[in-house]
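With the sequence up front, the predicted model follows.
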Amino acid sequence: MLPFRKRLRGWWWRRLPPETVCKLRQRRIYLLPTRFGVLLLLVAAAVWVGALNYAVSLAYGLAFWIISLVLLAVLMAFRQLAGLQLQVEAGENTFLGQVANCRLLLINPAGVERQIHLRAEEGDSTVHCQLPAGGQQSVSIPLLLNRRGPHAYPVMQIWSTAPLGLIRAFSWWRPDATVLAYPHPLPDRVRHADGLQAGKGRSGGEDEEDFSHLAEYQVGDTPRQIAWSLLARRDVLASKRFVSQPRGTAVHELAWQDYPAALDGETRLSRLCWRLLQCEKAGQRYRVRLPDTVIEPQAGQRERALAALANCSLPS
Amino acid sequence: MKHSLLRPAEMAVLLAVALVIVPLLFYLPLWLPALVELMLLLRACLLLRQSRLPGLAVLLPLLALAAAGVWLNLNTLIGREGGAALLILLLGFKVFESRQQRDWQVVLALGFFLSAMPLLFDQSPWSALWLVISLLALTWAMLRLAGDIPSGSARTAVQALLLSLPLMLVLFVVMPRLPGPLWSMPHDTHTAQTGLSDSMEPGSISQLVQREDAAFSVVFSGQAPSVSQMYWRIMILDDFDGRRWQNVHGLQQETAQLQGGQLIRYRLTGKPTRSRLPLLEYPLQAPGGSGLEPGRLFRLASDSDDMVRVDASSLLGSHYRQSLSLSDQDFYRRLPPGNPASRQLAMQWRMQSQGDAGFVREALLHFRLNGYRYTLTPPLLEGDNTTDAFLFSTRQGFCEHYASAFAFLARAAGIPARVVTGYQGALYNPLGRFWQVRSSDAHAWVEVWLQETGEWLRVDPTAAVAPQRVSDGVSQTIPALQPAMPLMGSRIPGWLLPLQQSWQAAGFAWQQWVVGYDAARQLNLYRLLGLGESVDAVAVLRALLLGGGLALLPLLWWWRKRPATAPLQAGRNLLVAALQCHGITIQPSDGPLDMLNKAAHLPKDVRVLLKQLLKEYAAMRYRHAELPAKQVQAWLRQVRSFAQQARKKRQRS
Amino acid sequence: MQSLSLAYRQLNTLILGKSRAVRLALTCLIARGHLLIEDVPGVGKTTLAHGLAAVLGLHYQRVQFTSDLLPADILGVNIYQRDSGSFRFHQGPVFSQLLLADEINRASPKVQSALLEAMEERQVSIDGDSHPLPQPFFVIATQNPSEQLGTFPLPESQLDRFLMRISLGYPAADAERALLLGQDRRSLLADMTPCLQGDGLLQLQEKAAALTVTPDLADYVLALLQATRQEGSFLTGLSPRAGLALLSAARAWAMLEGRDHVLPEDVKAIFPAVAGHRLGLAGDATASLTALLDHVAIP
């Protein structure tokens, strides 16, 4: 694309107000003939010239019919978009460097079927959806997250050339929504173990295993595992099973200050992110301490903590 | 675009263009459209088998070869035939290098252009019908190619064409027609000639008579003359070579005048035959103000054979006075040697009769009394003395025999005479209120120049033999003709007559309003509708606004068309409105029980009725998935009356 | 049907002034769902559970959850028998028709998930053997939302094992007055007569599941689901499984109302109880759900 045209488009998109809900009305729907439409108009002109030269009245009819068909296509293409409702749906936040799905909901309130194409400007993947009369459909537009933090939904181009493919009706929409790019997780096993110990407040590492439950005796169980009291009382042979995972009120401390000040902020966040995910995976309780916030164990903690990491502004 | 998804659409495109070029089978050398159809079929097979397409290295030489074939066959690659031939060849080869959607769109566009080609050759309603079929197929293929609506595309195509039809009609009527071509077209020499030819020999007219096609049509302003007076003159044949009469243009100029007669104005629409149009005997002046040819004949300035319409006026029954110089008289008396018996007969009458008029009477009497038969299938006249053979041995013939024989006799008797060809008679179509002249009305008669009065007198020897030929038309006169011409004359079954007449009327209207809609007619229409005195920018704009408004009406209907509200939903809306009248606001999020709860304070009778209605509503919507329409309608009626009562109540209070 | 309304009446004499909560609890059981009661102690959670078991004639067990409880304490254990040389499965308290899991958030996550798994699968798998739970099988779990210290909130991903979450709340003044003046609840409990015999409850459950749901109603449920998924309303929207839960609960509610088909109002009645915990809302934050019900049009 020409740089000038690019700049013009950029200026145009910035002018678009962000909206969570957008109803396509007449004023924001633009119509242009497609290449095929132009070709057909040229054919109509040629037929017209032929009609004139050979004085063939019916050929006039044909030329005008083609022109009428193109005019009708304008109306039909316009109708594909007119009244269409677009809504923002919560996007799927994901990690830096990955592709997030910007989710949008298309609602067709009218009694006609619509064929809608959607594309993120400056993106190259196009989504096509067929909306039955009165129907709605959720679509996902991929967005590459190339930096940490909130990403606004890209400006969407919505277009349709249905049903004749002669006229392209299009419109732009800047969805008022963001997806978050969480830091890219970086493994940090050392700190992970440290954080656990700090949280538990214990010193010893040997008798870390806790009794979990009784299970049937299996050959090879050590005498230490046999539940002797049970055997004495109820005359059944059972083995104790232990777990190495912590329980009780142990809380992992995932703190910004765990790292030397020399380490750059993004790396710190990435490592915290990894540790956080480890805790979630193991079903452990954790607390995230960031320069500006502290995320306590709570419902929906994963999302909250990740969002805090994503939104964390680095102290300079 | 996914290839697999497009494949049926490509088939649709192939089918559409194959339909479009079907009429060209009649107008181009048969091998060419047939070859292209075959190529389309081959391409369809390749599509089905998903085979590889031949490369350009194969296609281009083949295309050149085919173009050379066209050149050899037609001697041209431009003009009507040459252009059409080249275009369909291009189409045939284009499909072989069409892979992407864009290519197929070009094929479709070419198809749209090609659908205009048959119109250059023929503008009959059949052509128009085929045009509509072509457009339908092309639009359908276009919808398929656009790819979004795989099902119902045929319906959408019909809808699109119907919706654009009014717009097309408005443009057709309103858009200014330029009076002439932008540039002159090369003239085609291959046009098949129909109608009367330059010469007349035994059998040339009787061939024509067996054809049923319309020659031209006439609308008289005012009273129409009687059928027996309708002699449409088209050509004068002034030279006889013993077998054939032809026009040698012996007379370069004439000083003639018409005296008396009844002025008849009429409008004539037809295709010229070698630029000639028939005019009623005798034309006052040439249509368009230009001069008539010698012999009061009309010839168009252009040599196109397209349908034209002229306003003409004739003096019916007038005297055609002309002073012929002696050399001119001799010219009209020239005869080749031969036919001694006929010459003798002529001289004999010359002796017996008084004056030229007496001779004519004598001769006609001879034809009437001596067992001459009027027939389409006369025996062949053999030998050199054809006139003798006819007059004395076969005595059977058609109008050309009688005209020829009479003119021979007159000339042999020293009376200047010439054969006139044209049409005689016409058939009135009460539906279209016009007169139709058909090829079968072709006729030949004689004009003799009378020394005494110095005027040309029309003599129709055929009328002497078969008077009803002139009064009732040819099909009444020759019974043998009737089975061959089922649509002719009044002997067709009675119930078919209106059908035939409406068909003719439609044909006439078609000719007048569609094929013959030109700048002049457009101007008339503009004046008639009060759009302006000339077809200028302002008037066109005005007409476009007016007509566009009308054409938009169906579009508006289409735009506003919504699927009919489900009756249950409609009923609910009514109930909500009714409750609003009672001062109760129902939200869209309220269900039937909510509605009933909100209406708890209403008077008991209303509440009971409402409860019953809502209960049925709930049962119909949430209990049965499928409902008999009857039950729903009954419920809807009750709801309507309930809503009406609520409205009334509010008006009272 | 009659037995059901009888049970409902009996329960209302036991739990005063909480007819809606009682109805929801009953609905939940008829819809084969497990019930989570979130409340402060002493408002009658245990009495309700007890009463439900009594009127429905169910075998009832109660487990007080504590932090040192082990999964085996709930599920049971395989124990070796020396005489026969084989193992015998000792059933835990989960093998009952109605299990009251008191203060479920006090147990360790391991115990919680052991129970939740059993609830979901309606069987207990230990050492490769699966032991089916009795039919019907309900869990009524209670938790105290105000306690934070030493508790393990139920994992959100598993909260939807509970069909409904309700809270009883403090009784209204006159109901509380009647409570103070009336009989002891425990003696009342003893007087409760079972209204259903044998597999009566199972039959009711089957009947409820067969209630008519027309496409129109399904559309309404869809509209509700869609509304929760819209940006900004909630942290996460309702899942398709939640939609099924809404339908089965609405069916049971409609049956309690004595209808053979489901109306939008039934969906509305059970919506806050079914959707609240799935949307991650606190027990008392159902205002947004009511607002949602008010603005979603019935299609």
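That came through, no problem.

in the stretch 201-316 of chain A, what spans have low per-residue confidence?
By pLDDT under 70, the low-scoring segments of the stretch 201-316 of chain A are A:201-216, A:218-224, A:229, A:233-236, A:241-250, A:299, A:315-316.

Would you map the strands across it?
Listed in chain order, the strands of the stretch 201-316 of chain A (DSSP state E, counting those that start in this stretch) span A:210-216, A:236-243, A:252-255, A:286-289, A:294-295.

What of chain C?
C:34-38, C:60-64, C:76-81, C:86-91, C:98-102, C:123-126, C:129-132, C:138-143, C:162-166 (DSSP state E).

hey, least reliable of the ones you listed by pLDDT?
Confidence, taken as mean pLDDT, is least for strand C:76-81 of the strands of chain C (a mean of 77).

Briefly note if it comes near chain A.
Yes. Counting by CB under 8 Å from any CB of the partner chain, chain A is contacted by strand C:76-81 at C:V77, C:N78, C:I79, C:Y80, C:Q81. Where you see a C-beta, it was placed from the backbone N, CA and C, and this is true even at glycine.

The first one: how many residues sit nearby?
A count of nearby residues for C:V77, using other CB atoms under 10 Å in any protein chain shown, gives 24.

check contacts around B:R276.
B:I234, B:M235, B:L297, B:F298, B:R299, B:L300 (CB atoms under 8 Å, 6 or more residues apart in numbering or on different chains).

Oh, that last question was meant for B:S127, not what I typed.
Neighbour list for B:S127: A:L58, B:P23, B:P118, B:L119 [criterion: CB under 8 Å, 6+ apart].

In a strand, it, correct?
No. According to DSSP: H, G, I helix; E, B strand; the rest coil, B:S127 belongs to no strand; its state is helix.

do you know how far it is from B:I88?
17 Å (CB to CB, to the nearest Å).

same question, B:S342
In terms of CB to CB, B:S342 sits 56 Å off from B:I88.

Settle it for me: which of those two has more neighbours?
For B:S342 and B:I88, the more surrounded residue by other CB under 10 Å is B:I88, and the numbers stand at 26 against 22.

So the more buried one is in contact with B:L114, correct?
Yes. Proximity of B:I88 to B:L114 meets the contact threshold set by CB atoms under 8 Å, at 6.4 Å.

which residues do those two both contact?
Counting by CB under 8 Å, 6+ apart, the residues touching both B:I88 and B:L114 are B:I21, B:L24.

Near chain A, which residues of chain C are found?
Contact residues (CB under 8 Å from any CB) of chain C with chain A: C:67, C:70-72, C:77-82, C:87-88, C:108-110, C:126-127, C:150, C:152-153, C:155-156, C:226, C:229-232, C:235-237, C:280.

Just the buried ones from those residues?
The neighbour count (16 or more other CB atoms under 10 Å in any protein chain shown) marks C:70-72, C:77-80, C:87, C:108-110, C:126, C:152-153, C:156, C:226, C:229-231, C:237 as buried among these.

how close does the closest residue to B:V448 other than its chain neighbours sit to B:V632?
Spatial nearest neighbour of B:V448, chain neighbours left out: B:A417 (4.5 Å); criterion: CB to CB, 6 or more residues apart in numbering or on different chains. Distance, B:A417 to B:V632, by CB to CB: 88 Å.

What of B:L380?
Relative to B:V632, B:L380 is positioned 83 Å away (CB to CB).

quick one: which of the two has more around it?
Counting neighbours by other CB under 10 Å for B:L380 and for B:V632 shows that B:V632 has the greater number, 18 against 9.

Can you tell me the closest non-neighbouring residue to the more buried one?
B:P567 (4.9 Å).

can you check B:L169 too?
In this structure, B:L169 finds its nearest non-sequential neighbour in B:A551, 7.3 Å apart by CB to CB, 6+ apart.

give the contact list for that neighbour.
Each residue near B:A551 by CB under 8 Å, 6+ apart is listed here: B:P166, B:L167, B:L169, B:V170.

Could you list which of those belong to helices?
When DSSP state H is applied, the contacts of B:A551 are split such that B:P166, B:L167, B:L169, B:V170 fall in helices.

distance of the second one from chain A?
The one in question is B:L167. Counting by CB to the nearest CB, to the nearest Å, the separation of B:L167 from chain A is 4 Å.

Would you mind measuring from that residue to A:W65?
Noted for B:L167: a distance of 9 Å to A:W65, by CB to CB.

ok, now the first one?
The span separating B:P166 from A:W65 equals 11 Å under the rule CB to CB.

do the same with the last one
To A:W65, B:V170 is 11 Å away according to CB to CB.

Kindly state the domain boundaries assigned to chain C.
Following automatic domain parsing, one finds the domains of chain C at C:2-197, C:211-299.

From the chain's centroid, how far away is the first one?
This points to domain C:2-197. Relative to the chain's own centre, domain C:2-197 is displaced by 8 Å; criterion: CA atoms, centre = their mean, to the nearest Å.

near chain B at all, that domain?
No. On the criterion CB under 8 Å from any CB, domain C:2-197 is out of touch with chain B, staying 15.3 Å away.

got the end-to-end distance for that domain?
End-to-end span of domain C:2-197 (CA to CA, to the nearest Å): 13 Å.

Now do whatever residue of the stretch 351-500 of chain B ends up closest to chain C, the pLDDT please.
Taking CB to the nearest CB, chain C has its nearest neighbour within the stretch 351-500 of chain B at B:L499, 53.0 Å off. The confidence metric pLDDT takes the value 80 at B:L499.
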